[in-house]
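In: Predicted structure and sequence below. I'll ask about it afterward.
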Amino acid sequence: MFERIMVPLNGLASAEAAVAPAATMARTHGAELHLVLVDGPSRLDPMSDEFLRIDCEAYRDQQMQPTAANLRRDLGIAVTTAMLTGSVVDALANYASSVRADLIVMATHGRVGWRRAWVGSVADELMHEVTVPLLLLRIGNEGAPVPGPFRRILIPLDGSAAAEGALDAARTVARLGRSTLILAHVVTPIPAAVEMSATGGTMLVDAEATQRLVAEAHRYLDGLADSLRSREPMPVETQVELAPVITPVSPVAGTIASLARHLRADLVALTTHDRGASRLFVGSVADKVLHDTHCALLICHGQAAPTSPVAMQARPAQTARC
């Protein structure tokens, strides 16, 4: 269960869109909600910094604190407000550590230049500094996040313990709405040769070797699904997908985004394989999911640990890195 949920704010409605869903989660979990505003330096001149400080104080007094009071009154949840100073990312990371936050919730428009927006840049940098799961909520056309609870949660796996690091957070979110977990593995076809023509190259597939990978992936996911069901009653589905045959590489990210749409997932849970999120966000599965689907995104940190016993039993020989 989540105990302390943190929502970074910047005085804009786009950031505030995460407050209501986070408050609902806090109520369901009996968690404390932390609304955090950062008065960061403008790096322009002291006069600009003074204006920003005044604006932040006004937002704190006129918007953030009344919102917190309303949530305490209407939902009966514990709400803490904080106004921090300094570098936005450093201040948020230090605060998350000091209060032992176990989930950070932010909202994003996703398809509309999300990487250039405040939430995109802060989320990207923040994932360098924290190991707390980050939930990015999709903002709909009306300016509000697509409502939860999440009914179908897609978890791309590659046979590694790092990728399986998203399972615990996904299970915690799933308990909110008795969601179905969908364990997915994308198999990259094994090439046999490349046949050249006047229009380009065509990759010929080693059908037998590729089928062995598919069978291994099924055994891996089925074993993991049985293990999850044995811990607690929860609907768990498995999906093995063969990536399209494209030279020089198969589009794993695009395949996962297509799976999310086809399987009607409303949340995709991913794991970073290190503390640097830029490799996850830029040109990756997360970027593709945010751009090509309407799913929310739960980003967790993988642990540098040995592959789990379940994965050891049937770890696919060809992995699709997420």
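Out: Here it is on my side, so go on. Nothing here was measured: the structure is a model prediction, and the numbers come from that model.
In: residues in contact with the stretch of helix or strand Ile153 belongs to?
Out: According to DSSP states H and E, Ile153 maps onto strand 152-156. Here strand 152-156 makes contact (CB atoms under 8 Å, 6 or more residues apart in numbering) with 163, 166-167, 170, 173-174, 179-186, 256, 259-260, 263-270, 285, 295, 298, 320, 322. Just so you know, the C-beta spots here come from the backbone N, C-alpha and C atoms, and that holds for glycine as well.
In: Please name the strands paired to that strand in the sheet, noting orientation.
Out: Using DSSP bridges, strand 152-156 pairs in its sheet with strand 180-187 (parallel), strand 267-272 (parallel).
In: Please state the offset of the first one from the chain centre?
Out: In terms of CA atoms, centre = their mean, to the nearest Å, the gap separating the centre of strand 180-187 from the centre of its chain is 15 Å.
In: Which residues belonging to the biggest helix by length in the chain are considered buried?
Out: Criterion DSSP state H: the longest helix present in the chain is helix 207-231. Across helix 207-231, burial judged by 16 or more other CB atoms under 10 Å covers 210, 212-214, 216-218, 220-225, 228.
In: Looking at those, spot the one nearest Asn70.
Out: Leu228 (38.0 Å; CB to CB).
In: pLDDT wise, what is the closest residue to the closest one other than its chain neighbours at?
Out: Among residues not flanking Leu228 along the chain, Val236 sits closest, at 5.2 Å (CB to CB, 6 or more residues apart in numbering). We have a pLDDT of 95 for Val236.
In: For Val236, the count of nearby residues, please.
Out: By the criterion of other CB atoms under 10 Å, Val236 has 19 neighbours.
In: Now do the strands for this protein: every range, in order, please.
Out: Along the chain, the segments classed as strands by DSSP state E run 4-9, 32-39, 79-85, 103-108, 134-138, 152-156, 180-187, 191-197, 200-205, 236-242, 267-272, 296-301.
In: Could you identify which of those has the lowest mean pLDDT?
Out: Minimum mean pLDDT among the strands of the chain: strand 191-197, a mean of 64.
In: What subset of the contacts of strand 152-156 is buried?
Out: So, by 16+ other CB under 10 Å, the buried ones in those are 163, 166-167, 170, 173-174, 179-186, 256, 259-260, 265-270, 285, 295, 298, 320, 322.
In: Below-threshold pLDDT in the chain: ranges please.
Out: 41-51, 109-120, 140-148, 177, 193-203, 246-250, 273-284, 302-322 (pLDDT under 70).
In: how's it carved up into domains?
Out: 4-138, 152-313 (automatic domain parsing).
In: Make TSV from the buried residues of helix 207-231 and add distance to Val89 to it.
Out: Formatted as TSV, the buried residues of helix 207-231 follow (distance: CB to CB, whole Å):
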residue	distance to Val89
Thr210	43
Arg212	45
Leu213	40
Val214	42
Glu216	41
Ala217	37
His218	42
Tyr220	37
Leu221	36
Asp222	41
Gly223	39
Leu224	34
Ala225	37
Leu228	34
